[in-house]
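1. Need the 3D shape of this:
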Amino acid sequence: MSIDIILSVVLRALSIYTFLSLSNEYSRYPSLLYHYSAFRKFLYISKMVAAADSLVWELVKNNNSFMRKKSGKTSRSGSVRFSVERGNLASLSTYKYSGIANSKTIDISSTDDNRAALTLKTKKAGTSGKSGKATIALNKSFRRTAKTITGQATDNYYRSDLKSAALAKYSAVYRGNRAAKGVKKARAVKRGRA
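-> Modelled structure (predicted):
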């Protein structure tokens, strides 16, 4: 989040407030409508400004809407910060795994038809939100899919540091999909001491 993005959000909020508070003034001052429409056009033409990954991480690391803080069981263990944004393979709130701060992210998720999908950020992701992703369906055998993940995400110099995390996430998604299809029984969750 750069200053330009924050300013554009504030200006958009002010324009909505102006529209609501001055809606009955348009009949008396027709030039006000012209200036307001020109101002709105300026707001929607402005694009997002690219910022360095480390700067974005410094802005969002202590407070963002995806963070889940869990307190430790003892005073020695402290608290653990989890994160639930897309693109975070380990669900940990760290710079390495962050889906918000990094310009290159890998995400493996389950689809509606109990299959898996590999999502990568593209170069357009810095300036456009939804169209900045490339999704690859992972619907082959386990070994061929693991080879696809390795080839697409790590071997082509995209994010080689996330190879083991990506394969671990795919293994978990694959196990969950097999249980959802009824091929294999779900594991029972152990609670407490037996």
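2. lowest average confidence, helix or strand, in this protein?
-> Lowest by mean pLDDT, DSSP states H and E among the helices and strands of the chain is helix 30-45, with a mean of 53.
3. What residues of the next helix or strand after it count as buried?
-> With elements assigned by DSSP states H and E, the helix or strand that comes after helix 30-45 is helix 53-60. Of the residues in helix 53-60, 56-57, 59-60 count as buried by neighbour count, 16 or more other C-beta atoms under 10 Å. C-beta here means a position set from N, CA and C on the backbone, and glycine is covered the same way.
4. Wait, Leu138 touches Ile149, no?
-> Yes. With contact defined as C-beta atoms under 8 Å, Leu138 counts as touching Ile149 (7.3 Å).
5. anything in contact with each of the two?
-> 108, 118, 170 (C-beta atoms under 8 Å, 6 or more residues apart in numbering).
6. Excluding sequence neighbours, find me the nearest residue to the last one.
-> What sits nearest to Tyr170 in space, not counting adjacent residues and going by C-beta to C-beta, 6 or more residues apart in numbering, is Ile108, at 5.1 Å.
7. what does the helix or strand containing that neighbour rub up against?
-> Using DSSP H and E, Ile108 sits in strand 106-110. With contact meaning C-beta under 8 Å, 6+ apart, strand 106-110 is reached by 86-89, 99, 116-120, 138, 149, 153, 158-159, 162, 166, 169-170, 173, 176-177, 180.
8. Filter those down to the buried ones and express that as a ChimeraX selection.
-> A single ChimeraX command is used to select the members of the contacts of strand 106-110 judged buried by 16+ other C-beta under 10 Å:
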select :87,88,89,99,116,118,119,120,138,149,153,159,162,166,169,170,173,177
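9. From the contacts of strand 106-110, which land in strands?
-> By the criterion of DSSP state E, membership of the contacts of strand 106-110 in strands covers 116-120, 138.
10. Can you list phi and psi of Lys69 for me?
-> phi -100, psi 130 (degrees, to the nearest 10).
11. Next one: it from Asn62, what distance?
-> 10 Å (C-beta to C-beta, to the nearest Å).
12. For Arg178, grab the count of nearby residues.
-> Neighbours of Arg178 under the rule other C-beta atoms under 10 Å: 15.
13. Excluding chain neighbours, what is closest to it?
-> Per C-beta to C-beta, 6+ apart, closest to Arg178 is Lys184, 4.6 Å.
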